[in-house]
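> Sequence and predicted structure are below.
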There are 2 protein chains.
Amino acid sequence: MEKRVHNFNPGPAALPLPVLKEIKKDFLSFRGSGMSITEISHRSALFDEVLNNAVNRTKRLLDLDDSYHVLFIQGGASMQFCMIPMNLALPDRPVNYINTGTWSTKAIKEAQIQGKDVRVIATSEEKDFSYLPYDYTVDKQASYLHFTSNNTIKGTQWQQFPDREGVPLISDMSSDFMSRPFDVKPFGLIYAGAQKNLGPSGIAMVIIREDMLERVPDNMPTMLKYTTFKDNRSLFNTPPTFAIYVIDLVLKWLEETIGGLKKMESINREKASLIYEVIDNSKIYQGIAEVKSRSMMNLTFRLRDEELEGRFLAEATENGLIGLKGHRSVGGCRASLYNAITMESVKSLIEFMREFEEKL
Amino acid sequence: MEKRVHNFNPGPAALPLPVLKEIKKDFLSFRGSGMSITEISHRSALFDEVLNNAVNRTKRLLDLDDSYHVLFIQGGASMQFCMIPMNLALPDRPVNYINTGTWSTKAIKEAQIQGKDVRVIATSEEKDFSYLPYDYTVDKQASYLHFTSNNTIKGTQWQQFPDREGVPLISDMSSDFMSRPFDVKPFGLIYAGAQKNLGPSGIAMVIIREDMLERVPDNMPTMLKYTTFKDNRSLFNTPPTFAIYVIDLVLKWLEETIGGLKKMESINREKASLIYEVIDNSKIYQGIAEVKSRSMMNLTFRLRDEELEGRFLAEATENGLIGLKGHRSVGGCRASLYNAITMESVKSLIEFMREFEEKL
């Protein structure tokens, strides 16, 4: 058995070990075809089954009705920052954004580049995005209200989604998608880069509601229109077949091994609360995000001083606890506890954190 | 050992078996890190080495000087159809295209959607793209001259690149990139979807010359500007890390096992000529493309009648010869002989073709 570490990377991130083992086992001959999954046609019956399974598992896990379409688009969340205003901003109507960190800021910038009437109705920038703003007014005429459901870098997460005044919600769920169930009805569009909870990097899942597709302007580059992906079942051109295959396996693991999103959420809540408990009962660790805005996916914390942080991170790495350094814009430490992070990894981290404090 | 077939798929296509075996071997712990290649950060030293290697191998294989930049961009060749006119069409100057098939036609359409002054200076459409047009006049004022170096669907390939009258060449080399050496100097930009000769689907390699970058307009979506990818070494956002890793392994195989592009070309020419010989000396097989326009990557041919073609394809599949059905827009048969197709696979196909004819 190969050596494995406890992988707390913020993304690309840990994938479920049973999924990795299955990929490895079948890598030279996918389903007995004599070809690797990377060598089969995207128009073959074999791949069609993979794609259909991935779409249907998503629909079941999120309880989507037929008005929602599940699409796979290249370019990650960053390409969505540009496609959303290009496709969904209505003429002479503003677009609303809530700014809660690095990724929201980038999404806002892309709408501004396109000359849209961008209104940032709330921001927590003045406190370095350490909390989520709950006090704001939505433009009733807005084309949409965009927010980031979980802020990977700052360690905040919306526990209850923003009020919307009838305006369609659009959310970047890259770092907490499929970590908990939620009601999709207020959403016109949901998107998630795969490399946190879904699969490898190089693909985004986009869930779009039928009525949003009517907004797509005709005269646009083909590869930038949501209708291209919907009309061709994400097969207008060759999609990232390997990535979709891994996503299907991860969703299968979510459905069949974990038992769905409710169970996943309760496991995720337990993992996060065990670590927050260590932080909150410690003399050397201190949470960065405001308590009521805290994320259960990305837990940000500091140590008493930088020298101690350096030692903490170095010793963690020596102990096989990887990826705990905070983003350079925040500093400190961050433990990313995506779906694939096992309770065993969480317990190893807790044990290490306690021992590190005790021996000081 | 797993069952393997002779894979003549047009793309996604066969990859070198030693590459697939290495991916499989290291899949749970990349370079002893305790993490899969799909689980490591794109900003880690481990991945940086992969990316740098892939870029440097490309530069060595194609003998690129420092005025050329090697970029990795998502969205396949189809995204390049739209990015090229958006970034590189000069104001008040026409763009020139040569139309040699399905993919050229799509590239032309995307430039037209953007309202560029598109001049198709040559086309072989009137003979269903079965030949390459050698008689045309390039606009000396053109922003660029675009052509498709190998036409996967029709089975034609430029053996000598088009005359250009000083205008920068741009070429879609998706289906023959890295199959032969060539002089890059006339090219302003070269692009190739990876899923033929380079790696898995979901990524395109783009080679752009420094002076082309000066054309990129400022006020464009960030993810659609070539300068974004150049300025950030293809790491503005999370790239498809697995795909880049596979590309690096394929390029390593090309350099170290095959011995470079000159050797690769001579192997590819031999493979193709062996099969064309069977076709040209047969009473039942007939080549589709004009002889002097023939491709050494995608060999298109018909059988005497459709009923016979059906039997040929069915029996080929039974004999482990996969992916020989022609594209629906052409019909007939097609053998795709990319770099990874071994002489052993070619000989199996030849033997099958001869036996099929003899027993009639």
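Okay, I see it. Numbers count the residues shown, from 1 in each chain, chains lettered A, B, ... in the order given.

> low-scoring stretches of the stretch 251-360 of chain A, by residue?
Applying pLDDT under 70 to the stretch 251-360 of chain A picks out no residues at all.

> And stretch A:212-224, end to end?
15 Å (CA to CA, to the nearest Å).

> Let me see the residues that make contact with it.
Stretch A:212-224 is touched from outside by A:69, A:82-83, A:86-88, A:90, A:143, A:168, A:188-189, A:225-228, A:230, A:236-237, B:75, B:78-79, B:81-82, B:86, B:109-110, B:113-114, with contacts defined as CB atoms under 8 Å, 6 or more residues apart in numbering or on different chains. C-betas here are computed from N, CA, C, even on glycine.

> please redo it, this time with the cut-off set to 7 Å
Contact with stretch A:212-224 is made by A:83, A:86-88, A:90, A:168, A:188-189, A:225-228, A:230, B:75, B:78-79, B:82, B:110, B:113, as judged by CB atoms under 7 Å, 6 or more residues apart in numbering or on different chains.

> How about stretch A:332-345?
Under CB under 7 Å, 6+ apart, the answer for stretch A:332-345 is A:6, A:8-10, A:13-16, A:155, A:178-179, A:196-197, A:254, A:264, A:268, A:271-272, A:275, A:288, A:296-302, A:309, A:312-313, A:323-327, A:346, A:349.

> can you list the domains in chain A?
Per automatic domain parsing, the structural domains of chain A span A:18-258, A:260-359.

> which SS state does A:Phe147 fall under?
strand (DSSP: H, G, I helix; E, B strand; the rest coil).

> Would you mind checking the contacts of stretch A:212-224 for buried ones?
Neighbour-count burial (16 or more other CB atoms under 10 Å in any protein chain shown) applied to the contacts of stretch A:212-224 gives A:83, A:86-88, A:168, A:188-189, A:225-228, A:230, B:75, B:78-79, B:82, B:110, B:113.

> thinking again about what came up before, could you list which of the contacts of stretch A:332-345 belong to strands?
Judged by DSSP state E, the contacts of stretch A:332-345 include A:His6, A:Asn298, A:Leu299, A:Thr300, A:Phe301, A:Arg302 as members of strands.

> Neighbour-wise, which one of these leads?
A:Asn298 (29 neighbours; other CB atoms under 10 Å in any protein chain shown).

> Quick check: it touching A:Thr152?
Yes: counting by CB atoms under 7 Å, A:Thr152 is a contact partner of A:Asn298 at 5.1 Å.

> intersection of neighbour lists for the two?
With CB under 7 Å, 6+ apart, A:Asn298 and A:Thr152 have common neighbours A:Pro10, A:Ser175.

> How about the residues of the stretch 151-300 of chain A by chain B?
Proximity of the stretch 151-300 of chain A to chain B, by CB under 7 Å from any CB of the partner chain, involves residues A:193, A:195, A:200-203, A:219, A:221-224, A:237-243.

> hmm, which of those residues are the buried ones?
Neighbour-count burial (16+ other CB under 10 Å) applied to those gives A:193, A:195, A:200-203, A:221-224, A:237-243.

> Show me the two of the ones in strands among the contacts of stretch A:332-345 that sit farthest apart.
By the measure CB to CB, the ones in strands among the contacts of stretch A:332-345 have their two most distant members at A:His6 and A:Arg302, which lie 20.7 Å apart.

> Which of the residues of the stretch 151-300 of chain A next to chain B fall within strands?
Per DSSP E, these map to strands at A:Gly193.

> In helices, which of the residues of the stretch 151-300 of chain A next to chain B fall?
Within those, membership in helices is found for A:Thr241, A:Phe242, A:Ala243, as judged by DSSP state H.

> circling back to that earlier point, determine which of the domains of chain A approaches B:Ile284 most closely.
Comparing these by CB to CB, domain A:18-258 comes nearest, at 26.1 Å.

> all helices of chain A, in order?
With helices called from DSSP H, chain A shows them at A:17-25, A:45-62, A:76-88, A:102-113, A:210-213, A:226-231, A:241-252, A:261-280, A:306-318, A:343-358.

> what's the spacing between the shortest one and its chain's center?
From the chain centre to the centre of helix A:210-213 is a distance of 23 Å (CA atoms, centre = their mean, to the nearest Å).

> Could you give me the buried positions within that helix?
Buried, per 16+ other CB under 10 Å, within helix A:210-213: A:Met212, A:Leu213.

> now the last one
Of the residues in helix A:343-358, those scored as buried under the neighbour-count criterion (16+ other CB under 10 Å) are A:Ser345, A:Val346, A:Ser348, A:Leu349, A:Ile350, A:Phe352, A:Met353, A:Phe356, A:Glu357.

> Run through the residues of the stretch 1-150 of chain A sitting next to chain B.
So the stretch 1-150 of chain A meets chain B at A:2-5, A:7, A:9, A:11-15, A:20, A:23-24, A:27-29, A:32, A:34-36, A:38-42, A:74-76, A:78-79, A:82, A:110, A:113 (CB under 7 Å from any CB).

> Only the buried subset of those, as a PyMOL command please.
The buried residues among the residues of the stretch 1-150 of chain A next to chain B can be selected in PyMOL (16+ other CB under 10 Å) with this line:
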select buried, chain A and resi 4+5+7+9+11+12+13+14+15+20+23+24+27+28+29+34+35+36+38+39+40+41+42+74+75+76+78+79+82+110+113
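
> and the gap between A:Gly259 and A:Ile23?
22 Å (CB to CB, to the nearest Å).

> now do A:Asp117
Taking CB to CB, one finds A:Asp117 at 46 Å from A:Ile23.

> Help me confirm that A:Trp253 comes into contact with A:Val19.
Yes: the pair A:Trp253 and A:Val19 qualifies as a contact (CB under 7 Å) at a distance of 5.5 Å.

> who has more neighbours, those two?
A:Val19 (23 against 19).

> pretty sure the more buried one is in contact with A:Leu249, am I right?
Yes: judged on CB under 7 Å, A:Val19 makes contact with A:Leu249 at a distance of 4.5 Å.

> Would you mind grabbing the residues shared as contacts by those two?
With CB under 7 Å, 6+ apart, A:Val19 and A:Leu249 have no common neighbours.

> quick one: stretch A:98-107 to chain centroid distance?
14 Å.

> State the mean pLDDT of it.
Averaging pLDDT along stretch A:98-107 gives 98.

> Output that stretch as PDB, nothing but the C-alphas.
Output in PDB follows, covering the C-alpha atoms of stretch A:98-107 (Å, rounded to 0.1, in the frame of the first residue of the first chain):
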ATOM      1  CA  ILE A  98     -22.500  40.900  -2.400                       C
ATOM      2  CA  ASN A  99     -18.700  41.200  -1.800                       C
ATOM      3  CA  THR A 100     -17.400  38.700   0.700                       C
ATOM      4  CA  GLY A 101     -13.800  38.200  -0.400                       C
ATOM      5  CA  THR A 102     -11.300  37.500  -3.100                       C
ATOM      6  CA  TRP A 103     -13.600  35.400  -5.400                       C
ATOM      7  CA  SER A 104     -16.600  37.800  -5.100                       C
ATOM      8  CA  THR A 105     -14.200  40.700  -5.900                       C
ATOM      9  CA  LYS A 106     -13.100  38.900  -9.100                       C
ATOM     10  CA  ALA A 107     -16.700  38.100 -10.100                       C
END
